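J.: This is a predicted model, with the sequence first.
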Amino acid sequence: MNDLAQTIKKLDDKLSKRHIDLDPGGYFIIYIDRENSLICTKYFTNIINEKGLAVDPETGEVIAARGKTNRTSETVFTGRSAKELCVKVIEENPDCSITMLDHAAYLGREFMRAEIALIQGTEYIQD
């Protein structure tokens, strides 16, 4: 890895540890479908409790940030590129539930990271 790449990675790692407020409109789980050459994202609803944690609106239980959950997604979006997925999720979706600009920016970055991993054949782990 060259010096510029290392500098950017350090900065990104640091920024990934900052506090962020969760979007009360819901959250997205992003993954790659290599067999069909697609970037995919599942949309889930949530409620943000008084502690700032995402809560399942049906059960009232806190949604774990890591590990498996037994929730059913509301919608699944797929695209061949980050741009196509952004258009589908944000522009063409009349029910778009993204209520925070930082959440939209985050999704754009993550869709781009997933696209690069899809093209390069590398692993994608959502930040």
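T.: Sure, I can see it. Residues are numbered from 1 along each chain as shown.
J.: Strands along this protein, start to end?
T.: With DSSP state E as the definition, the chain shows strands at residue ranges 27-33, 38-44, 47-48, 54-55, 75-79.
J.: Give the rounded mean pLDDT of the fourth one.
T.: This points to strand 54-55. The predicted model assigns strand 54-55 a mean pLDDT of 92.
J.: circling back to that earlier point, nearest to residue 117, of the strands of the chain?
T.: strand 27-33 (6.2 Å; Cβ to Cβ). (Each C-beta comes from the backbone N, C-alpha and C, glycine too.)
J.: Listing partners with orientation, what would you give for that closest one?
T.: Counting by DSSP bridges, the strands paired with strand 27-33 are strand 38-44 (antiparallel).
J.: Please tell me how far residue 40 sits from residue 93.
T.: Summarising the geometry, the distance separating residue 40 from residue 93, computed by Cβ to Cβ, to the nearest Å, is 15 Å.
J.: between those two, which one's more packed in?
T.: Between residue 40 and residue 93, counted using other Cβ atoms under 10 Å, the more crowded position is residue 40 (17 against 14).
J.: Go through the longest helix seen in the chain and flag the buried ones.
T.: For the chain, the helix with the greatest residue count under DSSP state H is helix 101-120. Of the residues in helix 101-120, those buried under the neighbour-count criterion (16 or more other Cβ atoms under 10 Å) are 103-104, 106-108, 110-115, 117-118.
J.: cool, stretch 32-40 as well?
T.: Residues 32, 38-40 are the ones in stretch 32-40 that count as buried (16+ other Cβ under 10 Å).
J.: Skip the chain neighbours and tell me the closest residue to the residue positioned nearest the centre of the chain.
T.: The structure's the chain has its C-alpha centroid closest to residue 28; by Cα atoms, centre = their mean the separation is 4.6 Å. Once flanking residues are discounted, residue 28 sits nearest to residue 41: 4.6 Å by Cβ to Cβ, 6 or more residues apart in numbering.
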